[in-house]
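[1] need coordinates for the following:
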Amino acid sequence: MMESFPAVATRVLEEFQALLQHSPSPLGSTRMLQIFTVNMFTIYYAQTRDKGQGEARSVLEEQSTSLGLAMFGLLVQRCTELLKETPAEPIPLEEVNEVEPMVRVSAFPTDLRELLPSVKVWSDWMLGHPDQWNPPPCSFHGSPDVWQCLAELCNSLASVYHGEIPLFKADADGESDELRLLVLDEDRMLAGFVPLLAAPQEPCYIEPQSDTAMAADCKRVTVLKYFLEALCGQEEPLLAFKGGKYVSIASLTSSSQSTEHKAQSQTNELCQDNSVIIEETSLSTSEGELDEGMDEQENENDIRELRARRYALVHKLAEQQKRRDKIKAVLQTGSQLELEIRPFYLVPDTNCFIDHLEGLKKLLTCGTYILVVPLIVITELDGLAKGQECRDVDSIGLAPHARMVQESAKAAVAFLENGFEAREPGLRALTSRGNQLESIAFRSEDTSGHKGNNDDVILSCCLHYCQDKAKDFMPAQRDGPVRLHREVVLLTDDRNLRVKALTRNVPVRDVPAFLSWAKVG
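    Modelled structure (predicted):
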């Protein structure tokens, strides 16, 4: 089935390119955004599916990434064409130092406005997952050079003036009453979408009287310029500024001479590292050229895979050495361990919301603490609220208790949903990987790759706030106690979870005891 994928992908790219040329766009902003969201999820699914098969990309992951980048390249290409067709005009010197005419964001055509959200979202995904596309995957026949397309877009954006609407990074210095938060439609729509959780998100504020639609386009242009600059700052840059313009410096497979030299040198390194002896054979001219091209492609694929494995091994060895140093530091001290606890983050488990919801409300209302709710806890509460945990309970005489649990879970879910909708500052949701969510509209999480049960996932959320280093286990004085600082407290009545938390040096209390200590309520 995968053998036919390149041919199908080529056909998809041809039809997608033809679709982009229509004006007005037959898809619209939302449908275009859905297409690129599907591409992101396909890559994410391929990555998680083949996670245990090594660090190198699988065939499915490689081809999914290639198709996504190719469609992104066509989208960028169309945006560049529309930018070049947009008339420029002189900008007053008090607004900008440029003398040459520039394109105003307010002059963007409708087609460009509908494409920009998808370009922005895909660039967010690339910033959050650099290992997914660098080194670049092999491209399909007929697909555009995405890096050259991005270089041309970068040159076009250099002549775009996006200062029509002032954007502010932070709401500070007493200006909270004068500014309002700008949330892009695509960010609101995809809040909680797992493939985008790693994307950098920086709050942006505008003046109350500013045009929201124009401010959103200014924000998108700003994000794209930052993204293109990030491509120039990669460890192996893909774009560079040469001769007064941006150019692509990604490896070009179309240059036969450079490719042959690169493949030959890399093959020699591969042979030297692995003690492989390569025997050369003489072929006819026509057969030799064909075999040479195939060998070069195979060599490059092998070398890319070996580099990925080497990087993974180096990273794994560094983590193991770090762990050894930490264990060694603990063993060398032989001292008493003290925890200096200054509670700020409170992580409740599921039972806290069932048995002590009023107590949690008091802790949130007092404004002293941040209530961090693991996403797995919200998922468990959803299940209890729907009665999934309480089937056939009438037969064993537990119906009253089951109904009580279900009603308590419904009340807890309503409390959390209302709190997140109101953007309660003291309420946060946290995934098992330590990513914070501003919304719980999309609260499903794949924890199949996480070792252990749900208690371990909750504990991992606590450990996110316990970033101990090896030097932290060294006492300030010889034979003195080791003192660790903690700002997180796990709230639970579960004995097994309490034991696990204590073995990982995580402070733990039940809700009534913490309320009494904090003198709340």
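[2] ok, Q21 - contacts?
    R78 (Cβ atoms under 8 Å, 6 or more residues apart in numbering). For the C-beta atoms, the positions are set from N, CA and C on the backbone; glycine is no exception.
[3] pLDDT weak spots in the stretch 101-250 of the chain?
    Along the stretch 101-250 of the chain, the model assigns pLDDT under 70 to residues 170-177.
[4] got the contact list for stretch 362-369?
    With contacts defined as Cβ under 8 Å, 6+ apart, stretch 362-369 is touched by 343-346, 371, 419, 424, 426-427, 511, 514-515, 518, 520-521.
[5] out of those, which one sits closest to L313?
    Ranked by distance to L313 (Cβ to Cβ), the contacts of stretch 362-369 are led by Y345 at 35.0 Å.
[6] coming back round to it: ok, and the most crowded of the contacts of stretch 362-369?
    Highest neighbour count within those, by other Cβ atoms under 10 Å: L346, with 25 neighbours.
[7] make sure I have this right: that one is in a strand.
    Yes: under DSSP: H, G, I helix; E, B strand; the rest coil, L346 falls within a strand.
[8] separation between it and V373?
    To V373, L346 is 10 Å away according to Cβ to Cβ, to the nearest Å.
[9] could I get the full set of strands for the stretch 1-150 of the chain?
    Counting by DSSP state E, counting those that start in this stretch, the stretch 1-150 of the chain has strands at residues 103-104.
[10] re earlier: now, which of the contacts of stretch 362-369 lie within strands?
    Within the contacts of stretch 362-369, residues falling in strands by DSSP state E are P343, F344, Y345, L346, L371, L427.
[11] now do the helices in the stretch 301-450 of the chain.
    350-355, 357-366, 375-385, 399-421 (DSSP state H, counting those that start in this stretch).
[12] restricting to C-alpha, output the third one in CSV.
    Yep, that's helix 375-385 we're talking about. Extracted C-alpha coordinates of helix 375-385, given in CSV (Å, rounded to 0.1, in the frame of the first residue of the first chain):
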residue,chain,number,x,y,z
LEU,A,375,-5.5,16.3,32.5
ILE,A,376,-5.9,12.6,33.5
VAL,A,377,-7.9,13.8,36.5
ILE,A,378,-10.3,15.7,34.3
THR,A,379,-10.7,12.6,32.1
GLU,A,380,-11.5,10.4,35.1
LEU,A,381,-14.1,13.0,36.3
ASP,A,382,-15.7,13.0,32.9
GLY,A,383,-16.0,9.2,33.1
LEU,A,384,-17.5,9.2,36.6
ALA,A,385,-19.9,12.0,35.6
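[13] which other helices and strands does that helix contact?
    helix 350-355, helix 399-421, strand 427-430, helix 454-463 (3 or more Cβ pairs under 8 Å, 6 or more residues apart in numbering; DSSP states H and E).
[14] what does the second one contact?
    By Cβ under 8 Å, 6+ apart, the list of residues contacting helix 399-421 from outside reads 353-355, 357, 361, 364, 373, 378, 381-382, 384-385, 387, 389-390, 393, 427, 429, 438-440.
[15] so how do I select the buried members of those in ChimeraX?
    To isolate the buried ones among those in ChimeraX, judged by 16 or more other Cβ atoms under 10 Å, type:
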select :353,354,357,364,373,378,381,382,384,385,390,393,427,429,438,440
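[16] ok, E445 touching I378?
    No: at 9.2 Å, E445 does not count as touching I378 under the criterion of Cβ atoms under 8 Å.
[17] how about the contacts made by the residue nearest the centre of the chain?
    The residue lying closest to the centre of the chain (Cα atoms, centre = their mean) is A198, at 1.7 Å. A198 is in contact with G128, H129, N435, counting by Cβ under 8 Å, 6+ apart.
[18] with adjacent residues omitted, what lies nearest to the second one?
    It refers to H129. Leaving aside its sequence neighbours, H129 sits nearest to A198 (Cβ to Cβ, 6 or more residues apart in numbering; 6.3 Å).
[19] and the one you found, what element?
    If you go by DSSP states H and E, A198 is not part of any helix or strand.
[20] measure it to D456 for me?
    From A198 to D456 the distance is 22 Å (Cβ to Cβ).
[21] got it, and E186?
    E186 is 34 Å from D456, where distance means Cβ to Cβ.
[22] give me the more crowded residue out of the two.
    Using other Cβ under 10 Å as the criterion, E186 and D456 rank with E186 on top: 22 against 15.
[23] my guess is that one contacts V121. True?
    Yes: E186 lies in contact with V121 (Cβ under 8 Å); the separation is 5.2 Å.
[24] helices and strands of the protein: which one has the lowest mean pLDDT?
    Least confident helix or strand, the chain: helix 256-274 with a mean of 42, by mean pLDDT, DSSP states H and E.
[25] can you tell me which of the contacts of A198 has the most neighbours?
    Compared across these, H129 has the highest neighbour count, 19 neighbours, by other Cβ under 10 Å.
[26] how near is that residue to L306?
    Remark: distance between H129 and L306 (Cβ to Cβ) = 22 Å.
[27] one more: D382?
    Relative to L306, and taking Cβ to Cβ, D382 is found at 45 Å.
[28] can I get the helices and strands packed on helix 375-385 in JSON lines including mean pLDDT and distance to Y205?
    Shown next, in JSON lines, are the helices and strands packed on helix 375-385 (pLDDT from 0 to 100; distance: least, Cβ to Cβ, whole Å):
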{"stretch": "helix 350-355", "mean pLDDT": "93", "distance to Y205": "33"}
{"stretch": "helix 399-421", "mean pLDDT": "89", "distance to Y205": "20"}
{"stretch": "strand 427-430", "mean pLDDT": "90", "distance to Y205": "20"}
{"stretch": "helix 454-463", "mean pLDDT": "89", "distance to Y205": "29"}
